[in-house]
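Q: Sequence and predicted model, in that order:
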Amino acid sequence: MAADVDVAVVGAGPAGLATAIAAAEAGLAVVVCERASAPPDKACGEGLMPAGVRALAALGARELVAPEECAPIEGICYVAQDGSRAAGALPFPGGLGIRRTALAAALARRAELCGVELRWGCVAEGYAAGPGAVTLRTNAGDLAAGVVVAADGLHSQLRRAAGLERPTRAAARFGLRQHVRVPPWSRHVEVHLAEGAQAFLTPAGTARVGVAFLWEKGLLEGPVSFARLLERFPAVAERIAGAAEDSRPRGAGPLAQAVRARTADRFALVGDAAGYVDAITGEGLSLALVCGRALGESLPEALVRGASRAALAPYERFAAHEFRRYALVCRTVLALARRPSLRRRALHVLGRHPRLFDRLIALSLA
Ligand SMILES: Cc1cc2nc3c(=O)[nH]c(=O)nc-3n(C[C@H](O)[C@H](O)[C@H](O)COP(=O)(O)OP(=O)(O)OC[C@H]3O[C@@H](n4cnc5c(N)ncnc54)[C@H](O)[C@@H]3O)c2cc1C
């Protein structure tokens, strides 16, 4: 079977578009299938960490982000329920609060400029790998490709179809976000810590702040809503009181997803589809962009070698290494967030030693 294109990417989120841009820049013919009809919105805290900012620039998409849709982030500030706080600086080049629709639009524009074909409203339904190509089945017909990249998010259907899913014993955690129309009052992401839940306030534009909650299953009885979660954070409620809503609430979860591997013959997983721990460290976007870029760059060589699992091994190793570092930091922060006395002591120490906090942040993001 001959391939119509070199690479078929499923999902026009940050992971899929980063892969597509890097692969197209490396000279490959790339098609992206996205089920949404336009660059998609998503439940997200929208804080891009320094590695993600660097990757966005390297992909040529940073300059395409509309200035009013983003805001610089200089650091992270943890706030306890008693009002005590500890702030640390992000390493160079700092972070970026960025509205997801603007991020997706900038990446999509860059992909088009690189020659990627974007198929909106195209739903992937399955795939079958053959000797000379892989067939991606979609609602708009079959597409034969040299390799399929599944960047179809947290609950990836293609990951399941490939048999790469692994059960996880992690506690089920969920996220919900909404935006309010208010000029950001800080250049820090504020992380408010309460029993069983965290609230993230992120500047996400020149006149917008995103409010995202994370919580563990069982925290709330009955229907979950933005208002009910906000009740648990009186300081946040006071801060945004009277501000107009700037988006509809969006939720996601359960967050933890595990994989057996990220590659199979003529198939690769990237972004949330390739495994996820939690959003508490705000690193999913960076991981998606960094790993997507590495995957795209590795594909010409992998295709020359038949895009077998062995040929995709350099990407598998790179992604596994990036994920291990992210997972370690994420699980450590989650463990701290779950233990009130440890949390209080850690915040107290970091509040008194801001340089130590800066160093820890730099190390955890290295
Ligand atoms: C509450 C919350 C807060 C977060 N906060 C942050 C933060 O502050 N900073 C950070 O870096 N990360 C954060 N994250 C994580 C971040 O949102 C994800 O890591 C990131 O979106 C992963 O990108 P992705 O491209 O892998 O997946 P997605 O962005 O989910 O994109 C997947 C795409 O695939 C498409 N798709 C799915 N199935 C199909 C199909 N069958 N056919 C065609 N298309 C399909 C979807 O429509 C979607 O557009 C947060 C997550 C949550 C839930």
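A: All right, it came through fine.

Q: What number of residues are in the vicinity of Glu68?
A: Look at Glu68: counted by other C-beta atoms under 10 Å, it has 12 neighbours. Glycine gets a C-beta too; all of them are placed from N, C-alpha and C.

Q: surely it meets Ala207?
A: Yes. With contacts counted by C-beta atoms under 8 Å, Glu68 reaches Ala207, the gap being 7.4 Å.

Q: For the two, list the residues in contact with both.
A: Residues touching both Glu68 and Ala207 (C-beta atoms under 8 Å, 6 or more residues apart in numbering): there are none.

Q: for the stretch 201-350 of the chain, what spans make up the helices?
A: Secondary structure of the stretch 201-350 of the chain (DSSP state H, counting those that start in this stretch): helices at 226-230, 234-240, 284-304, 313-338, 340-352.

Q: Which neighbouring elements make contact with the fourth one?
A: So that's helix 313-338. Using 3 or more C-beta pairs under 8 Å, 6 or more residues apart in numbering; DSSP states H and E, the elements in contact with helix 313-338 are strand 263-264, helix 284-304, helix 340-352.

Q: Please identify the most buried of the helices of the stretch 201-350 of the chain.
A: helix 284-304 (a mean of 24; mean count of other C-beta atoms under 10 Å).

Q: coming back round to it: to Phe318, which of the helices and strands packed on helix 313-338 lies closest?
A: Counting by C-beta to C-beta, Phe318 lies closest to helix 284-304 out of the helices and strands packed on helix 313-338; the figure is 4.9 Å.

Q: does any bit of the closest one sit next to the ligand?
A: Yes. Contact of helix 284-304 with the ligand is found when judged by C-beta under 6 Å from any ligand atom, involving Gly284, Leu285, Ser286, Ala288.

Q: ditto for stretch 228-247
A: No. Residues of stretch 228-247 are not located near the ligand by C-beta under 6 Å from any ligand atom, the shortest gap being 11.1 Å.

Q: what residues does that stretch touch?
A: With C-beta under 8 Å, 6+ apart as the test, stretch 228-247 has contacts from 41, 79, 83, 176-182, 185, 192, 194-195, 197, 199, 201, 208-209, 211, 213, 215, 220.

Q: how far does that stretch stretch from start to finish?
A: Stretch 228-247 has an end-to-end distance of 17 Å (criterion: C-alpha to C-alpha, to the nearest Å).

Q: cool, and stretch 127-143?
A: The first and final residues of stretch 127-143 sit 9 Å from each other (C-alpha to C-alpha).

Q: buried sites along that stretch?
A: For stretch 127-143, the neighbour count (16 or more other C-beta atoms under 10 Å) marks Tyr127, Ala129, Ala133, Val134, Thr135, Leu136, Thr138, Leu143 as buried.

Q: quick one: contacts of it?
A: Identification of contacts with stretch 127-143 by C-beta under 8 Å, 6+ apart yields 1-5, 8, 10, 31, 33, 119, 121-126, 144-148, 158, 161-162, 264-267, 307.

Q: Filter the residues you listed down to the buried ones, ChimeraX style.
A: Buried subset of the contacts of stretch 127-143, written as a ChimeraX selection, criterion 16+ other C-beta under 10 Å:
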select :3,4,5,8,10,31,33,119,122,123,124,144,145,146,147,148,158,161,162,264,265,266,267,307
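
Q: thinking again about what came up before, please list which of the contacts of stretch 228-247 are also close to the ligand.
A: Near the ligand, judged by C-beta under 6 Å from any ligand atom, the entries from the contacts of stretch 228-247 are Arg177.

Q: Are any of the contacts of stretch 228-247 buried, and if so which?
A: 79, 176-180, 182, 192, 194, 197, 199, 201, 208-209, 211, 213, 215, 220.

Q: For the ligand, what is the nearest residue in the stretch 51-200 of the chain?
A: Residue nearest to the ligand within the stretch 51-200 of the chain: Gly175 (2.3 Å; C-beta to the nearest ligand atom).

Q: Quick check, that residue in contact with Pro249.
A: No. Taking C-beta under 8 Å as the definition, Gly175 is not a contact partner of Pro249, at 10.6 Å.

Q: Would you mind telling me which of the two has more residues around it?
A: Each of Gly175 and Pro249 has its neighbours counted (other C-beta under 10 Å); Gly175 has more, 22 against 17.

Q: quick one, what contacts that one?
A: By C-beta under 8 Å, 6+ apart, Gly175 lies in contact with Ala43, Gly45, Ala212, Phe213, Leu214, Gly251, Ala252, Gly253, Leu255, Ala279.

Q: do His155 as well
A: Contacts here follow C-beta under 8 Å, 6+ apart; on that basis His155 touches Gln257.

Q: Let's see that with 10 Å instead.
A: Glu165, Ala252, Gly253, Pro254, Gln257, Asp272, Ala273 (C-beta atoms under 10 Å, 6 or more residues apart in numbering).

Q: Same check on Arg355?
A: Arg355 touches Gly88, Ala89, counting by C-beta under 10 Å, 6+ apart.
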